[in-house]
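Undergrad: Give me a model of this one.
(2 chains)
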Amino acid sequence: MVRQSPRYIDPAKCTSCGECARVCPVSLPNEYDEGLSTRRAAYKLYAQAIPGAFAIEKADPAPCRSACPAGLNVQGYVQMVKEGKYREALAIILEDLPLPGVLGRICPHGCENACRRAEKDEAVAIRDLKRLAADRADPREIPVPCDPPRPERVAIVGSGPAGLSCAYHLARRGIRSVIFEALAEPGGMLRTGIPPHRLPRAVLEREIEVVTRLGVTIRTGAALGRDFGLEDLFAQGFRAVYLALGAHRGIELGIPGERGRGVRQGVEFLREVNLTGRAAVGRRVVIVGGGNVAIDVARSALRLAAERVTILYRRTRAEMPAWEEEIRAAEEEGAEIVYLAAPQEILLEEGRVCGVRCIRMRLTEPDSSGRRRPVPLPGSEFEIECDQLIAAIGQRPDLAALERVPGLSVSRWGTLEADPVTYATGIPGVFAGGDLVTGPWVAIGAVAAGKEAALSIVRFLDGADLARGREPVAPGEVRHRPIPPGEPRRARARMRELSPAARRGNFQEVELGFTEEQGRAEAARCLNCGYCCECRQCVAACLAQAVRHEERPQERRLSVGAVILAPGSRPFDPGPFADVLLYGRSPNVLTSLEFERILSASGPTQGRLLRPYDGREPKRIAWLQCVGSRDINRSGNGYCSSVCCMYAIKDAMIAKEHAHGELDCAVFYMDLRCFGKDYEKYLNRARDQAGVRFIPARVHSIEEVGPERALRLRWVTEEGRTAEETFDLVVLSVGLQVEAAAAELARRTGIETDRYRFAVAPPFAPVSTSRPGVFACGVFRGPKDIPSSVAEASAAAGLAGALLAPARFRLVSAAAPPPESDLAEGPPRIGVFVCHCGVNIAGVVDVEAVAAFASGLPGVVFTGRSLFTCSQDAQEQMKQAIAEHRLNRIVVAACSPKTHEPIFQESLVAVGLNKYLLEMANIRNQDSWVHAPSPARATAKAKELVAMAVARARTLRPLREKRISVHPRALVVGGGVAGLNAALTIAEQGYEVVVVEKEERLGGMARRLHTTIEGWEVQPYLAELVSRVQSHPRIQVLTRALVVGFGGFKGNFTTELLVGPGLYERRIDHGVLVLATGAVEIRPEEPLYGRHPRLMTQLELGDRLHGGSVDSWGCVVMIQCVGSRNEKNPNCSRVCCQGAIKHAIALKRRDPECRVWILYRDIRTYGLLEEAYREARSLGVLFTRFEPERPPRIEERGERLAVRFADPVLGREVEAEADAVVLSAGMTPSDTEELASIVKFGRTPEGHLQEAHVKLRPVELATEGLFLCGTAHSPQLLTEAIAQGQAAASRAVTFLAQRELTLSAVTARVDAERCAACLVCVRACPYRVPRINAEGVSEIDEALCHGCGICAAECPAKAIELNWYEDEQLLAKVDALMDALG
Amino acid sequence: MRLGYPESIKIIRVPCTGKVDALHLMRCFERGADGVIVVGCREGDCHYQSGNFRARKRVAEVAGLLERLGIGGERLRMVNLSSSDAPLFVKAAREIHEAVLAAGPNPVGRPRRPPAVPTASETPGKEVIRP
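TA: Residues are numbered from 1 along each chain as shown, chains lettered A, B, ... in the order given. Predicted coordinates for the structure are as follows:
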């Protein structure tokens, strides 16, 4: 089962234009630049990403959105406010809510309570930002998309937020409604309950208009029960009714005196004030209650000139349900609040209130629900004098009109009952919502209820199931964007307010709103919890209509024959060790990956060497090696990460290249591990030519010094002295580690991993896992560099291919294009297709003018334009145009041929036109994208580019691509472990193999090995491998065979051999050649070697250990780098360090008393071999470093030997008497000089075969059809040679599996008439293709030609032309350009 | 990366700088081009192994010839970069643009040349369609 996360952009439609990213408001750290730059939520990770399509990053909806009862896309409108796009912000709000300015003032903002910004400092002022949007743009002017009108009409009773919302959402679905309002003015509680100082009437009226503009009618003064009944509505033809009467009746206090004059309900008081602008207030007013109504009453009474206003509340301020800012405002305006006090009796004088008797309260300890109940304190009674008492302890619906209607029922809380999901009542077609159903609640809740009811009503009218798909979903695990660790604290913005003095005697709005600047800065505090904010700006910007926000993750069941795991690794995070390494504390301590991005041309500084801290160029840089590697204490990563030494050297070299002036680069290391092919030479160049300093020390302290925050490093030298130096920048060479997610993948696939989460391989099966059919490759198998990873990937593919061989080609279907027409023969009839590329080209270049210009060019008979020429429909139009206008040359003025030429060529071929009759003018990448600031000049350049393209198109001729068959047989030269594995892997995939071995027996170097460092027995493995090869029906083995001739071309080679003692001649026809010629142990130049029985190589020691003839040895000295890392052979032989350690451990295990000394230059136990190094040290093996200038000297001491060497720690020369001295002699490639001259392949100066590309094509030779593997490539371990053998086989099979090869027609051809056989081409060709034929002229085999054109340029007689790049064709462009420039 | 560079730069595609002939370079100047820049792979990274080295040699020869002809060798340059190194391309483009501005127009001028292509009379009615 595979779960595919959506990318929200259709890769098939995306043209990679980047418009979505341009308009995306969400800015996120760019992980590709290690967070050193930013990207958008709509993004392409890096320029060269494949597929080139953009993607959108999303998490679960932001908590603010989930917290909103109406589900407003809060993050979306906040981002729009940030961008200053207020109309767009309103459009997002209007998706759910028609009253942005109203809710932007009075909403209790549950969203802000959910805001994760509060974890950092304070919640974002979301409500105020909504208001800002409504202040800055008129919501009435925002177009609201509505469905076409429908005939049904719906009656809505009540014009409060629920009724308005229902009417609005019905109107959007094309359904007209009439709202019946009992009072003289619409708005419900919004109008009657909220005084204008909180919600100005103009705002409310403007937003009611948002609803009425959609065709909603409001009939005021029409009350249900008084003016009409429910049945009347149906009789009038309304098909459904929505009851949204609200909760407008105050709750009585239930104490004596409540009937007295001067006692009234808060809601009634507010209704009177809000509808008439005035109401009678007393001199001294007491208000009972602690909610917003109580506060509104208090603040209104003060505005109406009450002298003293007292609020009685029975709990404390902490429990008060009114909003804190409201309470504060009331206090500012002069209200007095008496807490922990409850009224007991209203005191009357002649039937009129004259005071209130109260009692003090106390709060109980929290009960089981956590609530503290107030209880009276006996004897604490007191009186407050007053002439008006207003009760504001709650409201409930007035059910007078509904109580006795059959089908409707009332809950025990005095509310109308309705279905909690659909809001249906007991009467079909009658729905209810808002405070009528919930009791008094927030306005946004009523809005939400109205929206849901509208959906129910639509379904009711459609006769659809009301409830389906609307069940509340249980909240699961939610995933949000983590709060960035470095996010700075920023205070929440506050609105300006009217001064308390200015509020007296009027109802002017108190809160004055954000300024634009304030608001945009406040919106920028949003953390974008959902990544993408779903503002849908990208949807509007994407002219290719590729954005698909509605995509959901997909689970798919795949039926497969093999699985390859290549999850890779992540660099070690040094963050947890900030106290030592200062990473994250000092801006001038970077990880190596961050530093690489700084060096990269496509990185945050565009390749300029600048410190992120101050943007200045550093003059001194230090690298600290082994951060998160070779470290069992801090990171727990006991292995060597294998790649850090080389990348540190590379980065130091590049930094020096990029630097202006002197740059000091110092690498602090434990061992320099440059063990790969030619790596040592690179190290030598860095040290000897570029002047990179290498310091063998572990830095123990780093501290910041000076105002520029330079870093002082301290360390102890090998001699034991303390040293210190200061650097501008410190780069941590972080190691590789397998991510937890990869370990989880391993667990799910059921494969075994080790304690570092690396996949465990069975013996001698490097890319296999503990589960048959599941393969693993790359760093997931252990740290390694790119060439090894690529080789392993090929090996895994090869083994998987063997399992799948029977199914090969089963799912392949070949398209058969129509035969080519003869149109091309006539005079040029050119069609020019100018692409707009959405706005990418047309936004800058006047494409219409370019097309008009093109139509005037000679040979042009047709000109077309399209929005995206590469789109499916535009391609169909192009094919039609070709047929209709008999076009025979096509010019596409669009983008890069690198990406799009094949697409257009395919269209040509589909209508029978030769694909070489296409020419592209790149008016996007080379014009509109890079000259955007000057459209006129960009247009002029586009015309010139089109003129050039048309000129070349006139000269184009159809070219034939030759098809050749492939001989389905491989020839493998070399019968060692690499060659045999290659042979077996090819044969297992169904192809014949001939193995050629010059010796009498198969096995090569492996015949001399006994055990591996893991303890695996080599000989049984080898015996089985040889027998599998020899008994394989598709493998033929020729021993004592010599290659004496080689010819042919890819897919069709012939090799001549002399075989056996009789030197029989054999000719083998084959499609591919695999070279696995192997290596031999270097013979030491040490004069005593071969003359003293106790002086031996590691291979010889291995024989003795195996034979048991080492029993009495008391001291063994091993000397590393014999024959390696010197002037004659600058390479490291890679295997000798582990070889010595393997044998040292064996000696120690045999006799713990035996002293084993390893004299080394650097211990290169890369990857997991480091574990063996650690084991050897713990067993007491002595390791002493020597300098190449002072190598150890061996002297004869009778039967024994003595070794004299300089001990750097003691600082003097030491002599060790030894029973045996073992030379770790390196590896040198077998002699292939003659073979190279026969087969013609490149070799390094040291005789290793030269691969086609060091990193990306490690097992291929430059000549197509030729492959290499094993120690012929470079020194390697047995398991590495096995992997390379399998890799070469895999690459060879991809070649053999093509039954036919189509050769490019872009090849050179010789005009025999003009050829003077001067041999210039023969010498110039990098592939040695041209030869002088029997006629005495040069001949170029098109099957061998690579199409570079070097010969054509060099030919003094101009007898050679390169197809498709003929001189005439190139010069046509030059001439056309110069003509156009005139 | 969409970095801007002077509009005066127009690119002619070749498979390898090794294909760029001295004759091609000379034709540019003969027809009045003020400057030419040959852009190849980084040295040692030639896709065809040695093409850029041959180009370097030819460019040097042609530049010498331009100098002797009084056209000016600084009008012809070669730059080596990797395809991902946009900033370096832009730098090179700006530099040749500046160099050409400093050197003034190509003294050859812009000689016109009759087009050697089929005449318009051979190509019947033209048509323009809109998207």
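Undergrad: going forward, measure contacts and count neighbours with C-alpha atoms only.
TA: OK.
Undergrad: A:L609 is in contact with A:E617, correct?
TA: Yes - look at A:E617 against A:L609 with Cα atoms under 8 Å: they come within range, at 5.8 Å.
Undergrad: So which residues of the stretch 1151-1300 of chain A form strands?
TA: Taking DSSP state E, counting those that start in this stretch, the strands of the stretch 1151-1300 of chain A run over residues A:1155-1160, A:1182-1185, A:1193-1197, A:1200-1207, A:1212-1218, A:1220-1225, A:1227-1229, A:1251-1253, A:1257-1261, A:1266-1268, A:1300-1302.
Undergrad: now the angle between strand A:1212-1218 and the longest one, please.
TA: Strand A:1200-1207 and strand A:1212-1218 are oriented at 160 degrees to each other (axes from the mean of the first three to the mean of the last three Cα atoms, to 10 degrees).
Undergrad: now the residue in chain A sticking out farthest from the centre: how far from A:Q1284?
TA: Distance from the centre of chain A peaks at A:E350, with 79.7 Å (Cα atoms, centre = their mean). A:E350 sits 109 Å away from A:Q1284, going by Cα to Cα, to the nearest Å.
Undergrad: now do A:V1322
TA: 34 Å.
Undergrad: does chain B sit close to stretch A:1337-1354?
TA: Yes - between stretch A:1337-1354 and chain B, judged by Cα under 8 Å from any Cα of the partner chain, the touching residues are A:H1346, A:G1347, A:C1348, A:G1349, A:I1350, A:C1351, A:A1352, A:A1353, A:E1354.
Undergrad: How about the stretch 651-800 of chain A: which residue is closest to chain B?
TA: Nearest residue of the stretch 651-800 of chain A to chain B: A:H658, at 11.3 Å (Cα to the nearest Cα).
Undergrad: ok, that residue touching A:L609?
TA: Yes - with contact defined as Cα under 8 Å, A:H658 reaches A:L609; the gap is 6.2 Å.
Undergrad: more crowded one of these two?
TA: Counted by other Cα atoms under 10 Å in any protein chain shown, A:H658 and A:L609 do not tie: A:L609 has more neighbours, with 23 against 16.
Undergrad: show me where pLDDT drops low in the stretch 401-550 of chain A?
TA: For the stretch 401-550 of chain A, no stretch has pLDDT under 70.
Undergrad: So out of everything in the stretch 51-200 of chain A, what residue is nearest chain B?
TA: Closest point on the stretch 51-200 of chain A to chain B, by Cα to the nearest Cα, is A:G52, at 14.0 Å.
Undergrad: That residue falls within a helix, correct?
TA: No - under DSSP: H, G, I helix; E, B strand; the rest coil, A:G52 falls outside any helix and is assigned coil.
Undergrad: Leaving out sequence neighbours, find the closest residue to it.
TA: A:S16 (6.1 Å; Cα to Cα, 6 or more residues apart in numbering or on different chains).
Undergrad: do A:F1183 as well
TA: The shortest distance from A:F1183 to any non-neighbouring residue, by Cα to Cα, 6+ apart, is to A:I1158 (4.9 Å).
Undergrad: give me the number of residues near that neighbour?
TA: Neighbour tally, A:I1158, other Cα under 10 Å: 23.
Undergrad: Tell me the bridge partners for it.
TA: Listed beta-bridge partners, A:I1158: A:M1118, A:F1183 (assigned using DSSP bridges).
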